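Visitor: could you work out the structure for the sequence below:
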Amino acid sequence: MFIRKTVKRYKDQVYTNYLLVEAVSTPRGPRQRTICSLGDLSPGPRLKWMGLVGRVEAALQGQVPLEEPDPLVEGIVARIRAAESSARHAELVAVHTDQVSTEKARTAGAVHVGHQLWDRLGLGTILRESGLSERARLLSEVMVLNRLVAPCAEYAMPDWVQRTALSDVLRVDLGELSDEALYRNLDRLYPNRKGIEEALAEREKTLFNLDDTYFLYDLTSTYFEGQCLSNPKAQRGYSRDQRPDCKQVVVGLVLDRDGFPKAHEIFEGNRVDRTTLEEMLGILETRSGRQGGGTVIVDRGMAYEENLAQIRAHGHHYLVTCRQSERQAWFDQLEDEQGWEELIREPSPRNQAQKKSRVWIKRGETAENLYVLCRSEGRQAKDEAIRAKQEKRLLTDLTRLQSRIAKGRLMQSAKVYEAIGRLKERYPRVARYWQIDYDEAQHQLRFAEDRDKKQRAKSLDGTYLLKTDRKDLTAEEAWRLYILLTRVEDAFRDMKSPLSERPIFHHLQHRVETHIFLCVLAYHLLVAIEKSFLDQGIHTSWATLREQLSTHQVVTTVLPTSDGHLLKIRKATTPEPQHRLIYRVLGIPEEVMVPVKVWLPAGEVNAAP
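Guide: This next block holds a predicted model:
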């Protein structure tokens, strides 16, 4: 509590009044509430004010003073209690308990968290500074929160909004929201994507004290339903989704070491990974404002010499996984059992399906680069499984080809060699240790295993080679930096599963790119939520939190009074312990909304709230 002085002037007269005020927490932040008016106390110095406030607080708590009671304090306490009593009696009503009902129950917890993080990241301000109107900002928030909470197509979003307490949380009537308004908002967002992404990355860097000296870059694909004839970027290519029958686009994403997106770009569906690096480095410089001095971490698909030259030309260092041919040059060192250092790989905090595994590393150097030889316990089992699967498929296809030739269905030698070439291209991991021969005179196909080559391939299972031009790193530091690349995989996994980036049903290029941009914005919220938990040592996922929050709701309680009226009170249910824990960790208020009370005459049962 504290005392506030107020002064008013009326007809050349000055009137002084003192108010007893306290700070209260509201969904919109801390506010000040007047407890009672003290009149013209003329209380003197500020220290005397504090003494008066302390004695009033002690008296309200039932403490008995040691000295003689202060009439001033007793009078103030009496006024406060009289005001409280009056307020309580004003709220007392006689209710028919057997007729009490509840209605319009809406899930509120997840959208409340999403809205609070939207405000914390300053997205409303960023969109306003990008030139978007208040209505466009509102629709953009609705669309991003939908991606975060329960992803669906634009035509289904209005129905989703009505099933949630989003109108209560945002304090806006969304009853007339239409899918056409949402489609048009995609068009408004499209030209502002780059500026929004740049401003958001800068905001997060300050808010979370992020390190922007490491850049994790990887790509994924996302496929379409339909032909997408109006989108030139929709092409068939290598599908990470195992959907080669569908057209797709390739999504490139750059993260910092904490997993926050720095930049993204949409490429043609048939774009080769290594051809995107130069373009992405330019985009990163534009959106992050950083000109060199960082370390770019990429996988073996972008480990070609021209890619490394591109990274150096932009003033960055590189850390990459070497390609197969370069790894084989280190085969003797990989076979040598001396000099290995054992490490424990902890599971990714954002991927609880992973388990601890052991890794052995060894340092190697040349004049230009530091090399780190790695042998992974978990990766060995994975390599064995992939090789066995590909070998089984290769043998099945070779047997089919052999049968076609034997039955005379394939007689032209050129066609036979063409088919053999396609199989070698399809199964490069295992075809190199199978000898495949075609006898043109006898029209026979023979294939046999090269045991020495196969044994050499098996001995490389679970091994990989890292390369960096940063010789100041230890072998362990280089390896731990490289495994940060799994955070990009986690990001793609989150965007495709809980955020439902795929499949895409839009056909226009700008709407496809804006759809993916909304998923990226939702991922910004997701990673900010999960980082808040990780910073407090709690390893959990947004999918788990979202499920727990689903039981925190907003409901309208209908109270029929004895005088024939109805009192409708719309407010959130009392948070359960798991809800309180989530809100406390995130540092957001438990109050989802300001309660709304409406008195209705008898018979008007359908009125709001």
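Visitor: next one: the closest residue to residue 100 other than its chain neighbours relative to residue 381, how far apart?
Guide: Of all residues not flanking residue 100 in the chain, residue 559 sits nearest, at 5.8 Å (CB to CB, 6 or more residues apart in numbering). Placement of C-beta: from N, CA and C, glycine included. According to CB to CB, to the nearest Å, residue 559 stands 63 Å off from residue 381.
Visitor: ok, those two, which is more surrounded?
Guide: Ranked by neighbour count (other CB atoms under 10 Å), residue 559 and residue 381 place residue 559 first, with 18 against 13.
Visitor: contact partners for that one?
Guide: With contacts taken as CB atoms under 8 Å, 6 or more residues apart in numbering, residue 559 has the following neighbours: 93, 95, 100, 566, 567, 568, 569.
Visitor: 6 Å instead?
Guide: Residue 559 sits next to 95, 100, 567 when contact means CB atoms under 6 Å, 6 or more residues apart in numbering.
Visitor: next: residue 416.
Guide: 410, 438.
Visitor: per-residue pLDDT of it, please?
Guide: What the model reports as pLDDT for residue 416 is 90.
Visitor: distance-wise, check it relative to residue 397.
Guide: On the measure of CB to CB, residue 416 and residue 397 end up 13 Å apart.
Visitor: so what does the strand ranked longest in the chain touch, helix or strand wise?
Guide: The residue-count maximum for a strand in the chain (DSSP state E) belongs to strand 13-26. Applying 3 or more CB pairs under 6 Å, 6 or more residues apart in numbering; DSSP states H and E, one finds that strand 13-26 makes contact with strand 2-10, strand 29-39.
Visitor: show me where pLDDT drops low in this protein?
Guide: 24-29, 40-50, 61-67, 83-91, 347-355, 602-609 (pLDDT under 70).
Visitor: returning to that earlier point: tabulate the helices and strands packed on strand 13-26 (TSV), appending mean neighbour count and distance to residue 160.
Guide: Formatted as TSV, these follow (neighbours: other CB atoms under 10 Å; distance: least, CB to CB, whole Å):
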stretch	mean neighbour count	distance to residue 160
strand 2-10	11	45
strand 29-39	13	28
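Visitor: who's in contact with residue 234?
Guide: 224, 228, 247, 269.
Visitor: give me that answer again for 8 Å
Guide: So residue 234 contacts 224, 228, 247, 248, 249, 269, 512 (CB under 8 Å, 6+ apart).
Visitor: which elements pack onto the helix or strand harbouring residue 167?
Guide: Secondary structure from DSSP states H and E places residue 167 in helix 166-170. On a contact count with 3 or more CB pairs under 8 Å, 6 or more residues apart in numbering; DSSP states H and E, helix 166-170 meets helix 109-120, helix 134-149.
Visitor: next SSE downstream of the shortest one?
Guide: Spelled out, it's helix 109-120. Next element after helix 109-120 (DSSP H and E): helix 123-129.
Visitor: CA atoms only for that next one - export them in CSV, please.
Guide: This file holds the C-alpha atoms of helix 123-129, laid out as CSV (Å, rounded to 0.1, in the frame of the first residue of the first chain):
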residue,chain,number,x,y,z
LEU,A,123,5.2,-9.5,-32.9
GLY,A,124,2.3,-7.1,-32.8
THR,A,125,4.7,-4.2,-32.8
ILE,A,126,6.9,-5.7,-35.5
LEU,A,127,3.8,-6.2,-37.7
ARG,A,128,2.7,-2.6,-37.1
GLU,A,129,6.1,-1.3,-38.0
